[in-house]
Every structure is written in C-alpha cells, then in structure tokens.
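A.B. asks: here is my input; please provide its structure:
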Amino acid sequence: MDKSEGSNRNGLSSPSQDGVDPELVDSIRERMGHLREKIDSLSAPGKVKIVSVTKGFPVGVTRAAYFAGVRDIGENYVQELVDKYRLSSDLPGLIRHFIGHIQSNKLRTIAEVSDVVETISRPSELERLNRLAFRGSVLIQVKFDSDPARSGVASDKVLELVELGRTLQLNIQGLMTIAPIVDPKGRGEVFRLLRVLCDDLDLPECSMGMSDDFEIAVAEGATMVRLGSAIFGQRLTKN
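C.D. replies: Numbers count the residues shown, from 1 in each chain. From the prediction side, this is the model:
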C-alpha cells in the first residue's frame with residue numbers, strides 16, 4: 001500500500017458511524033472551522049495542514065473527528081497508536097502521524113501502522129526504515145538547545161540525516177520541532193530557524209506549533225501544526 005494515501009486497509013468504502021456521538025462530531029467540526037479561519041488569516045488559505053492530536057483520548061474521539069472532516073491524526077504513544085489503528089482501520093483516507101519519542105525496538109510497529117513518522121533523529125532509524133521498506137513520509141525532528149532530555153537532532157547535523165535519507169530513497173518530506181517553554185519571542189525564533197532550515201534543504205513540510213503556540217508557528221511559516229486541546233479540550237486520560 002502507498003501509505004501516503006492514508007488508511008483503507010480493510011477495503012471498506014463506507015465506514016460505519018454507529019456509536020459515534022453526533023454532538024461530539026458537531027463540536028469538533030465547529031472547533032476545526034474556527035481554527036481553520038484563524039490559521040488562514042495568518043497564512044495563505046489552505047497552506048497549513050492541521051494534524052489533530054488524539055493522544056489520551058479514546059478511539060471514539062478519533063472516529064468522531066473523522067466524521068467531522070479530520071483526515072490527519074497524530075499519536076504520541078505506540079500502544080495507543082496500535083490500539084486505535086485496529087479500531088479505526090475501516091476509515092478510508094485517514095492519515096496517521098507518529099509524533100512521539102521513538103524507541104528503537106518499537107520502530108517496526110510504528111512503520112507498520114503509520115503513514116507519517118515525524119520524529120526521526122538518528123541515522124540508525126533511517127537505516128531501519130529502509131530495511132523495513134517504509135514508503136510513508138518521514139520528517140526529521142530538530143532541537144535548537146543542548147538539553148539532553150529533549151528529543152531531536154542538533155541543527156548542525158540535520159543535513160547529514162537528510163542526505164542519508166535521500167540516499168536510502170526514503171520519502172524525506174520535511175522537518176519538525178517542539179519549541180522550548182520560553183517566552184513567545186523565543187518560540188518565534190525557534191520556529192524561524194526551522195523554516196530557514198527547511199528552505200535551505202528544499203524540504204516542503206515544516207511541522208511546528210501546538211495548541212499554545214500555533215499562531216506564532218504559522219506566522220513564521222509552518223506548513224503543519226499539531227493541535228490537541230485546541231480541538232478536543234483537555235485530555236481525560238494519560239498513558
């Protein structure tokens with residue numbers, strides 16, 4: 001399967017809406033509409049893709065989001081990604097983004113159920129994806145500080161990873177970052193640096209910005225934002 005086309009892995013063309021809360025569908029659709037208006041006011045209309053992060057929410061929320069028009073879903077945890085995949089694989093066109101920390105022993109599983117992997121940061125991960133014949137989209141996660149607890153590759157090592165990915169003929173689509181918790185000016189600088197890197201490396205996708213800073217990210221040139229609470233409210237569960 002060409003994973004860039006999203007999931008329709010059970011071959012079903014008419015997914016069931018049974019059990020989906022219509023009020024939740026309406027609420028998500030309304031919030032998405034407001035967010036789309038806000039984002040389009042800061043960028044060219046339709047330029048920025050919203051990845052709806054369902055981390056910590058049950059699969060019923062994923063299904064409701066789908067029927068509200070959402071097609072890009074983000075997950076942080078491998079087991080949650082797998083569980084929701086099993087219960088939503090009948091939804092055609094649903095594109096699953098893995099946006100969490102990668103453990104090397106979980107990469108095969110991630111590749112099997114993801115269409116986009118946004119958090120690659122090591123050569124070994126690219127080499128493993130190549131051996132797994134992963135044909136989805138790949139983003140390199142970049143960090144702009146020296147905190148060893150933060151995931152991502154240093155900005156001066158990004159070129160090396162991008163070139164390796166291209167040599168391996170992986171579908172390297174862009175870069176991703178999570179801004180440190182600093183003042184808005186500092187976040188804007190981080191987003192600006194990522195945008196420059198994307199342009200320098202001729203990469204189309206620039207994934208940056210979450211619910212509390214997406215407006216800054218869009219103003220600095222994001223092409224994808226990862227929104228959870230802005231769409232779904234506060235999470236009721238935590239893995």
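A.B. asks: contacts only, for residue 218.
C.D. replies: Contact analysis of residue 218 by Cβ atoms under 8 Å, 6 or more residues apart in numbering lists 39, 42, 43, 48, 209, 225. For glycine as for every other residue, the C-beta is placed from the backbone atoms N, C-alpha and C.
A.B. asks: could you say which helix or strand holds it?
C.D. replies: Element membership for residue 218 (DSSP states H and E) is helix 214-219.
A.B. asks: could the contacts of residue 218 go into CSV alongside neighbour count and distance to residue 20?
C.D. replies: Below are these laid out as CSV (neighbours: other Cβ atoms under 10 Å; distance: Cβ to Cβ, whole Å):
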residue, neighbour count, distance to residue 20
39, 23, 26
42, 16, 31
43, 16, 31
48, 22, 27
209, 26, 28
225, 25, 25
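A.B. asks: in strands only, show me the residues you listed.
C.D. replies: residue 225 (DSSP state E).
A.B. asks: residue 197 looks like it's in a helix, true?
C.D. replies: Yes. Looking at residue 197 with DSSP: H, G, I helix; E, B strand; the rest coil, it is inside a helix.
A.B. asks: from memory it sits against residue 143, does it?
C.D. replies: No. Residue 197 is not in contact with residue 143 according to Cβ atoms under 8 Å; the separation is 11.8 Å.
A.B. asks: higher neighbour count, these two?
C.D. replies: Neighbour totals were compared for residue 197 and residue 143, and residue 197 leads with 21 against 18 (other Cβ atoms under 10 Å).
A.B. asks: ok, the helix or strand where residue 141 lies: who's next to it in the sheet?
C.D. replies: Using DSSP H and E, residue 141 falls within strand 137-143. If you go by DSSP bridges, strand 137-143 pairs up with strand 116-120 (parallel), strand 153-154 (parallel), strand 171-176 (parallel).
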